[in-house]
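K.L.:
output the structure for:
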Amino acid sequence: MNQIETKILNCSAIQEAEKNMVFAARLTQRGHVIHSMEDLLQLYNQSYRADTVETISSLPHPATQKFTVITVTVVGASRRFLSQITRHQNEVKFMSASLQYSNYSKAAAFVKPYEILQAPEKIQNLYIKSCLSDMDSYEALCKSGISHDTAGYVTPQGLRNVLIISATPYQWKHMIGQRCCRRNTDEMRIVMLKVWHELQLKNPALFDPSKTGPFCQREHCQEKKMSCRHPISKNFTPAIILEKDYPLLFQEGSI
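P.N.:
Modelled structure (predicted):
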């Protein structure tokens, strides 16, 4: 799973999102002094401090965080991850590599789940053998004249994929908070922790753990009786969580 890569495609949008958030919040309190477009633009370009961002992002007014979209690409996650993450539809857009237009014959690669990565070599080989068997069937169907789209039904869930996700800062925080919880699959957590790490590096004030992390890190677990009963420390950054929960990803030669 260390072959899964994430990257913010429009880094400038993070600063733009911050600026728009502050502007939108100020606008609600300045309507009586804005009489022209010049007045509005002066407000839009007015400077602000980091603590202003922290204060506004903590307010129960998510609309201020919805005027800009941040686009992230994920390379190497499985099609199972695709089926899970695309359940988020509110203010989120997705574009994925297509089984209809892409031909994976002789080009397939597979995610090795973290639990499999921890298992004996015999189990790891069994998993890869199963994936390769499915792809043999895929290639045989394609050679027999069946379309790539139809043949795609036999491809394994572990088939690596390419995905673009575009969402508002508010929705990124919602997805990260929900999907970094230990009730998710390891792959889901790893991908979303990596995305969160990149967002936090670009804007610590907007994406710090107290506003973005799993619910147990921000307030309290919302899973009730389904809780893992192992809350994440409030001071842990996504990088620390990754290293503590998935140490094999940081070992040389891991897959």
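K.L.:
give me the below-cutoff pLDDT ranges for the protein.
P.N.:
Within the chain, the stretches with pLDDT under 70 are 252-255.
K.L.:
all the helices of it, residue numbers only.
P.N.:
For the chain, the helices defined by DSSP state H occupy 12-30, 37-44, 50-58, 79-85, 114-118, 121-143, 148-151, 169-179, 186-202, 209-212, 215-218, 238-245.
K.L.:
what sits against the residue of the chain most remote from its centre?
P.N.:
Centroid-distance maximum for the chain: H35 at 41.4 Å, with Cα atoms, centre = their mean. By Cβ atoms under 8 Å, 6 or more residues apart in numbering, no residues touch H35. The way it works is simple: take the backbone N, C-alpha and C, and place the C-beta from them, glycine included.
K.L.:
any idea how far it is from V22?
P.N.:
Distance of H35 to V22, given as Cβ to Cβ, to the nearest Å: 21 Å.
K.L.:
and for D245?
P.N.:
D245 is 34 Å from V22, by Cβ to Cβ.
K.L.:
so for those two, which sits in the more crowded spot?
P.N.:
Set D245 next to V22 and count neighbours by other Cβ atoms under 10 Å: V22 wins out with 22 against 18.
K.L.:
just give the nearest non-adjacent residue to the more buried one, would you?
P.N.:
Closest residue to V22 apart from its sequence neighbours, by Cβ to Cβ, 6 or more residues apart in numbering: Y48 at 4.9 Å.
K.L.:
you'd agree A239 is up against H197?
P.N.:
Yes - counting by Cβ atoms under 8 Å, A239 touches H197, with 5.3 Å between them.
K.L.:
so which of these two has more stuff around it?
P.N.:
H197 (18 against 14).
K.L.:
I241 is in contact with the more buried one, correct?
P.N.:
No - the criterion here is Cβ under 8 Å, and H197 misses it with I241 at 9.1 Å.
K.L.:
how many neighbours does the nearest residue to F94 once chain neighbours are set aside have?
P.N.:
In this structure, F94 finds its nearest non-sequential neighbour in T86, 5.3 Å apart by Cβ to Cβ, 6+ apart. When neighbours are defined as other Cβ under 10 Å, T86 has 13 of them.
K.L.:
R80 is in contact with T86, correct?
P.N.:
No - look at T86 against R80 with Cβ under 8 Å: they stay out of range, at 11.2 Å.
K.L.:
anything in contact with each of these two?
P.N.:
Shared contacts of T86 and R80 (Cβ under 8 Å, 6+ apart): none.
K.L.:
quote the end-to-end distance of stretch 232-243.
P.N.:
In stretch 232-243, first residue to last residue: 13 Å (Cα to Cα, to the nearest Å).
K.L.:
neighbouring contacts of that stretch?
P.N.:
180, 182, 190, 193-194, 196-197, 200, 209-210, 213-214, 216-218, 244, 249-250.
K.L.:
could you redo the last one with a cut-off of 6 Å?
P.N.:
193, 196-197, 214, 216-217 (Cβ atoms under 6 Å, 6 or more residues apart in numbering).
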